[in-house]
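J.: Build the 3D model from these lines:
(2 chains)
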Amino acid sequence: ILNVEQSPQSLHVQEGDSTNFTCSFPSSNFYALHWYRWETAKSPEALFVMTLNGDEKKKGRISATLNTKEGYSYLYIKGSQPEDSATYLCAFHTGTASKLTFGTGTRLQVTL
Amino acid sequence: NAGVTQTPKFQVLKTGQSMTLQCAQDMNHEYMSWYRQDPGMGLRLIHYSVGAGITDQGEVPNGYNVSRSTTEDFPLRLLSAAPSQTSVYFCASSYSFPGSDEKLFFGSGTQLSVL
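T.: Numbering: from 1, shown residues only, chains lettered A, B, ... in the order given. Okay, here's the model as predicted:
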């Protein structure tokens, strides 16, 4: 059973703060790492899919980095806004099985 | 843009009842899957399919059946509902099995309660 861990479990920041979360995954048999944003009462939506060590992806104020050798990925949000409030999920894929293994998520709340 | 359509959104069952959760996608995706979301746990894979006529078990398949007779549809059947199956269920699809740069597209979810 693959272990994908996310920290912190939850985070409460003020509008304008920058923040980051961590996703840890097995460093062996790496194929891809996904990040999804899941807003309350909606379905998860993909942010990034990362495949190469050292990858950096950016979408607006959100960016992510990947270190496959040590088995972690960081998600950064610059200048948090209330609309960034959501649960952020990462998911790991080994490439040897047709499935993603999800972490339990980091719940972010941004207040005014 | 329909994407992934899941029905129903909410369902209450009595223990022992059976039902089918429907999932359809209009993006010509080969890969379709069912996950359940429980408090404090990540999304857990129930069953998946890499194409019409092909299905396989995920992490938590017991008590569920699937079939894939067409590319578009991937229904999930609860054979005899149990309280342990109370959960939020998501259908998700991808052009191919998720890897490389292929992301999952999720349906809106089904909140199922088994009394």
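
J.: Only C-alpha atoms from now on, for both contacts and neighbour counts.
T.: Fine.

J.: Give me the neighbour count for whatever residue of chain B ends up closest to chain A.
T.: Proximity of chain B to chain A (CA to the nearest CA) peaks at B:Gly42, 3.9 Å away. Look at B:Gly42: counted by other CA atoms under 10 Å in any protein chain shown, it has 21 neighbours.

J.: Please name the nearest non-neighbouring residue to it.
T.: A:Thr104 (3.9 Å; CA to CA, 6 or more residues apart in numbering or on different chains).

J.: Surely the one you found and A:Glu5 touch.
T.: Yes. At 7.0 Å, A:Thr104 counts as touching A:Glu5 under the criterion of CA atoms under 8 Å.

J.: More neighbours: which of the two?
T.: More neighbours surround A:Thr104 than the other of A:Thr104 and A:Glu5, with 25 against 22 (other CA under 10 Å).

J.: what helix or strand is the residue of chain B closest to chain A on?
T.: B:Gly42 belongs to no helix or strand when elements are defined using DSSP states H and E.

J.: any weak-confidence spans in the chain?
T.: Chain wasn't specified; assuming chain A. A:1-2 (pLDDT under 70).

J.: hm, I was asking about chain B
T.: B:1, B:99-100.

J.: residues contacting the residue of chain A most remote from its centre?
T.: Here the centre of chain A is the reference, and by CA atoms, centre = their mean the most remote residue is A:Leu112, at 23.3 Å. Taking CA atoms under 8 Å, 6 or more residues apart in numbering or on different chains, we find A:Leu112 in contact with A:Gln14, A:Glu15, A:Pro82.

J.: Between these, which sits nearest chain B?
T.: Looking across these and measuring by CA to the nearest CA, the closest to chain B is A:Pro82, at 22.0 Å.

J.: How about that closest one, nearest residue that isn't a chain neighbour?
T.: A:Val110 is the one closest to A:Pro82 (CA to CA, 6+ apart), at 4.8 Å.

J.: Report the buried residues of the helix or strand where the one you found lies.
T.: Assigned by DSSP H and E, A:Val110 belongs to strand A:106-111. For strand A:106-111, a neighbour-count test (16 or more other CA atoms under 10 Å in any protein chain shown) marks A:Thr106, A:Arg107, A:Leu108, A:Gln109, A:Val110, A:Thr111 as buried.

J.: which residues sit against that strand?
T.: By CA under 8 Å, 6+ apart, strand A:106-111 touches A:6-15, A:21, A:80-89.

J.: What's the PyMOL syntax to select whichever of those are buried?
T.: Paste this into PyMOL to select the buried members of the contacts of strand A:106-111, with burial taken from 16+ other CA under 10 Å:
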select buried, chain A and resi 6+7+9+11+13+15+21+80+81+84+85+86+87+88+89
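
J.: which residues of chain A fall in strands?
T.: In chain A, the segments counted as strands under DSSP state E are A:5-7, A:10-14, A:19-24, A:32-38, A:45-50, A:56-59, A:62-67, A:72-77, A:86-93, A:101-102, A:106-111.

J.: so residue 24 bridges to which residues?
T.: Reading this off chain A. On the basis of DSSP bridges, A:Ser24 is bridged to A:Glu5, A:Tyr72.

J.: wrong one, I was asking about chain B
T.: Bridge pairing for B:Ala24 - DSSP bridges - gives B:Thr5, B:Asp73.

J.: Please identify the residues of chain A in proximity to chain B?
T.: Along chain A, the residues adjacent to chain B under the rule CA under 8 Å from any CA of the partner chain are A:31-32, A:34, A:42-46, A:49-51, A:93, A:95, A:98-105.

J.: switch the cut-off to 10 Å
T.: A:1, A:4-6, A:9, A:31-36, A:41-52, A:89-105 (CA under 10 Å from any CA of the partner chain).
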